[in-house]
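Peer 1: Based on what follows, work out the 3D shape:
(2 chains)
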Amino acid sequence: MKKLLVFLVLSLVSIGIFASDFVVDEMFTPEKPKLGGTLTIRLSSAPQSFNFYGTLDNAAYTIAAQFLRGLVDLNPITFVIEPALAESWEVSEDGKEVLFHLRDVKWSDGVPFTADDVIFSMDYFIMNRFAEGNEIARFTIGGELVRWEKVDDKTVKAYLPEPYGAFFNVLSHAYIYPKHKLESKIDKNDLGSVNRLWLTNTPPSEIVGTGPFVLKEYVTEQKVVLEKNPYYWKADKWGTKLPYVDELVYLVIQDDEVATAQFLAGQIDYISVSPKDYPYLKQEELSKGKIMVFKGEPVKPTPSPVHITFNFDTKDPELKEIFRNERFRWAMEYALDRNRIIEEVYNTLAVYGGTPVLPSNKAFYNPNIEGIRRSYDLKMAEQMLDSIGIKDRNNDGWRELPSGERFEFVLTSSSAQENQDIAYIFSQDLEKIGVKVHLQILDPTLVSQSTLSGDYEAAIGAFGNQPDPQLRKAIWQPGNHLYYNHLSTMNKETSEPIFEEMLEWELRIFEDFEKAQITMDQKLRKIYYDDWQALYAYYVPFIYVCKGMELSAKQSDLSNYFVNDEGVIVYLNETLFKK
Amino acid sequence: MKTFIIRRLLIMIPMMFFISVICFVITELQPGDFATQYLNNPRVSPEQVIQLQESLGLDKPAPQRYWMWIKGIITKGDFGYSFAYKRPVGELIWERMGWTMSIALLTIIFQWIIAVPAGIYTSLHQYSAGDYTLTFLGFIGISIPNFFLALVLMWLALQMGGTSVGGLFSPEFIGSPWSFAKILDLLKHIWLPVVVVGTEGLAGLMRVMRGNMLDFINAPFVTSLRARGLEEKDVRHHIIKNAVNPLVSMAGMQLPDIFSGTIITAIVLNLPTMGPFFYNALLNHDQYLVMTFLMFIAFMTQIGNLIADIALAMLDPRIRIN
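Peer 2: The predicted model follows:
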């Protein structure tokens, strides 16, 4: 009896110990781990800061994501929202209040994490408009800010001005900062002073977090070393604490060729691969067997999928009218040979993608667009052009406008190789049907400058496809500053949408986005976004070309890095280990 | 000599001022600024861009910004903040100075050790097989783009089973304290940048040395030395002493090249030097960083010239600097 009691007490204690550890999704840990060792990966540029909210630098984001965590997490494969620093939450019936119960965890220096940290991070970083990388726009709903309140040490409450569909998605990008380390260093009279914290010369001991790793050392322009955070709160299904490796090293390697060379030399454990290197690396895999090369279904927003668009506000009135005519845009879609582009530009390593939600995105993809999408058919393209009066009137092989002038336009593309190649293939096909295209190849920054100011006729562009369409509404919803093929739908002074300027179907898209934003019901949100995708597929304001597949390679001895049954590459830095 | 140096130093002040104006105008001519590059970033709202412009002072008129910058330099020795790094630019440049200088000096030494003897040899054996071979190799070095040579050499190293590709150290030695093993590791890596960057200037130096030598070999004073019965070894000594003079001037001009001449190669070789750093600053519109760097290069050019002039005066007693 006594033994049984001891056993019971011990079991209860052990449950108590593990209760606070959150178990990572089983899909990430198919193999039983071997602990210890170092994981070395590439960073394509040196970080400019370690302060996620004080910079707009991608390298800094990559590093910060290893040592910081938010209230909730987004599963990078399934895009399901998971608990993180908030153990659980309750949404009020009207969808305007969310109560978060915080996890009992410690910062990497051993200090307990509390509600004060959440409020501090919201006030001074996430919703501080002087912080360079602030998230204010995402926490503003209907012109009003989300309000945060501490209930007690382990509970915080968010008051939303109105229900907000993407709230949890937005929260998964909002990292919580340590109040005890930073509060005294902020100049309360100069809120911009938060940008000058956690710089590249800050001693690593000053930078603490709640993520799997913690900063150990930064060697200028050469490497960033992170070590295991002893207080990390995730474990695997066997109860082993994460992360498995002791150290995570980022080597700063700017040049792709050097990165590939270092990977082949065994100095980097995994690396993303460009379509042009894929065949060579595959050959290395087959001949030497030291590495494994993967191609996966695209899931990440980057690299951004390429699209072709026509400026509804272009200066030439005749062109403007044609560009606004959907029959013209259908003709252009019929003239786009996606298969040839996938084969020749992407070495067959690309998929059709969506409009623009990716087919792998279970939460929001509308498969009906596949029936609407127009396949390559030059005959149909010719018919469409004929039907709107763009015909070859003088038998010189080129089509003319009803006014008798030759129909021609300038297609602006960035000098990025893929975009150039796509522009060239597209213009060749258009020449076959008598449409003269002048290619204008510019430096990427110049392209975005001319497109965002509306100074172009047609353009090849690329914007990412975030898992939740709400996060990209600035691009895809008419009346926003990045809806660059119809900029007149927004008042530049007030940033307000101008409904009179919107075409009928644009108004519907506008409404879809508005409704999906203020709905907490995810099923209903999908219906709105399905409608948006179908409208995009039918009216083709943007002709989506394709999306490159996710290509990567790893050393053979790296475990828990694999392609799952659905063809998606699965891994997390915290669950990787070396055999 | 003293007055000469002082005069030259004083001339530098207005010179640097004009250069600063030119640097500023050049960076202003670049379309856009640090903040506007984020306009097509969906994570950044237009309000954020405006806020950023205000906080960085980018909304002020150009002359005012120039004045603020130059005032900081004169009154406080402050060259401004880097927009991207939020740190003083002087500090950032200084952090990267060590490796930049070391690699550059090694490269120059490598060039001179090979180019000067090769130049002497080819001139003394004019039109021989050795002359042609060395000249041919030299021209190959000059005509192959550095970054390409770097890639080829790295590929070869990789094919031969080497693991020391790119960078200055293997990952485990980066940032570790100095040890014999670390020095050995450095030697395994550093030959690549030194050879790659070195070969470019090598042929030029060699040809100049050869040409100078040839000029002097047939000079009347050499004939006269020979006529007086001087041994060939001593005659050569006199020729070389004379022929080396123009190289000293060239050495002065090499100083700024050290910092800016090898940007692409440094990126390809993954070197932690100023080249890639400057390149990124340019792409980033990190204006004060770019201007300070340009000013620094200009300053180095002037200092290099001054040193070359002084060295020349010391080497050649015929030169009167007054």
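
Peer 1: What strand or helix carries residue A:104?
Peer 2: Secondary structure assignment for residue A:104, by DSSP states H and E: no helix or strand.

Peer 1: what pLDDT does residue B:67 get?
Peer 2: Note on residue B:67: pLDDT of 91.

Peer 1: Check for me that it belongs to a strand.
Peer 2: No: Residue B:67 sits outside any strand when classified using DSSP: H, G, I helix; E, B strand; the rest coil, being helix.

Peer 1: Pull the number of nearby residues for it.
Peer 2: For residue B:67, the count of nearby residues is 12 (other Cβ atoms under 10 Å in any protein chain shown). (Each C-beta comes from the backbone N, C-alpha and C, glycine too.)

Peer 1: interface residues of the stretch 101-250 of chain A facing chain B?
Peer 2: Counting by Cβ under 8 Å from any Cβ of the partner chain, the residues of the stretch 101-250 of chain A lying close to chain B are A:129-130, A:132-134, A:136-137, A:192, A:195-196, A:199-201, A:217, A:219-223, A:225, A:249.

Peer 1: near chain B, which residues of the stretch 351-500 of chain A?
Peer 2: So far as Cβ under 8 Å from any Cβ goes, the stretch 351-500 of chain A lies against chain B at A:445-446, A:448-449, A:451-452, A:463-464, A:466, A:471-472, A:474-475, A:481-482, A:495.

Peer 1: In those, find the pair that's most separated.
Peer 2: Across those, no pair lies farther apart than A:446 and A:471, at 26.7 Å, counting by Cβ to Cβ.

Peer 1: which residue ranges form the helices in the stretch 1-150 of chain B?
Peer 2: Remark: helices of the stretch 1-150 of chain B, listed N- to C-terminal, are B:2-29, B:46-56, B:62-76, B:89-124, B:129-143, B:146-159; assignment by DSSP state H, counting those that start in this stretch.

Peer 1: circling back to that earlier point, compare the residues of the stretch 351-500 of chain A next to chain B and tell me which is most surrounded.
Peer 2: Ranked by the number of neighbours (other Cβ under 10 Å), those place residue A:466 first, at 25 neighbours.

Peer 1: from what I can see residue A:101 touches residue A:155, true?
Peer 2: Yes: in this structure residue A:101 lies within contact range of residue A:155 using Cβ atoms under 8 Å: 5.8 Å.

Peer 1: Out of the residues of the stretch 101-250 of chain A next to chain B, which end up buried?
Peer 2: A:130, A:132-134, A:136-137, A:192, A:195-196, A:199-200, A:219-223, A:225, A:249 (16 or more other Cβ atoms under 10 Å in any protein chain shown).

Peer 1: which ones are touching the nearest residue to residue A:31 once chain neighbours are set aside?
Peer 2: With Cβ to Cβ, 6 or more residues apart in numbering or on different chains as the criterion, residue A:31 has its nearest non-adjacent residue at 4.7 Å, and that residue is residue A:559. By Cβ atoms under 8 Å, 6 or more residues apart in numbering or on different chains, the residues touching residue A:559 are A:31, A:33-34, A:576-579.

Peer 1: Can you pull out the low-pLDDT segments for chain A?
Peer 2: Low-confidence segments of chain A (pLDDT under 70): A:1-20.

Peer 1: I meant to write chain B there.
Peer 2: Residue ranges of chain B with pLDDT under 70: B:40, B:42-43, B:258-261, B:320-322.

Peer 1: longest helix of it?
Peer 2: If you go by DSSP state H, chain B has its longest helix at helix B:180-217.

Peer 1: report the angle between the axes of that helix and helix B:129-143?
Peer 2: Counting by axes from the mean of the first three to the mean of the last three Cα atoms, to 10 degrees, helix B:180-217 lies at 120 degrees to helix B:129-143.

Peer 1: Between helix B:180-217 and the helix or strand that comes right after helix B:180-217, find me the angle.
Peer 2: Using DSSP H and E, the helix or strand that follows helix B:180-217 towards the C-terminus is helix B:220-227. For helix B:220-227 against helix B:180-217, the angle by the same axes, to 10 degrees is 90 degrees.

Peer 1: Nearest to chain A: which residue in the stretch 201-322 of chain B?
Peer 2: residue B:272 (3.9 Å; Cβ to the nearest Cβ).

Peer 1: one step back: which ones among the buried ones among the residues of the stretch 101-250 of chain A next to chain B are found in strands?
Peer 2: Among these, the subset assigned to strands under DSSP state E consists of A:219, A:223, A:225, A:249.

Peer 1: Out of those, which comes closest to chain B?
Peer 2: residue A:219 (3.8 Å).

Peer 1: May I have the phi/psi pair for residue B:268?
Peer 2: Per-residue torsions, residue B:268: phi -60, psi -40 (degrees, to the nearest 10).

Peer 1: residues touching it, list them.
Peer 2: With contact taken as Cβ under 8 Å, 6+ apart, residue B:268 is in contact with A:255, A:257-258, B:146-147, B:150-151, B:166.

Peer 1: The nearest residue to residue A:245 once chain neighbours are set aside is in what secondary structure piece?
Peer 2: Using Cβ to Cβ, 6+ apart and skipping the chain neighbours, the partner closest in space to residue A:245 is residue A:39 (4.5 Å). Following DSSP H and E, one finds residue A:39 within strand A:38-43.

Peer 1: May I see the buried residues of that strand?
Peer 2: Within strand A:38-43, the residues that qualify as buried are A:39-43, counting by 16+ other Cβ under 10 Å.

Peer 1: for the residue nearest to residue A:31, phi and psi?
Peer 2: Residue A:559 adopts backbone torsions of phi -110, psi 160, taken as degrees, to the nearest 10.

Peer 1: buried residues in the longest helix of chain B?
Peer 2: Neighbour counts over helix B:180-217 (16+ other Cβ under 10 Å) mark B:182, B:185-186, B:188-210, B:212-214, B:216-217 as buried.

Peer 1: Any residue of that helix touching chain A?
Peer 2: No: judged by Cβ under 8 Å from any Cβ, helix B:180-217 makes no contact with chain A; its nearest approach is 11.0 Å.
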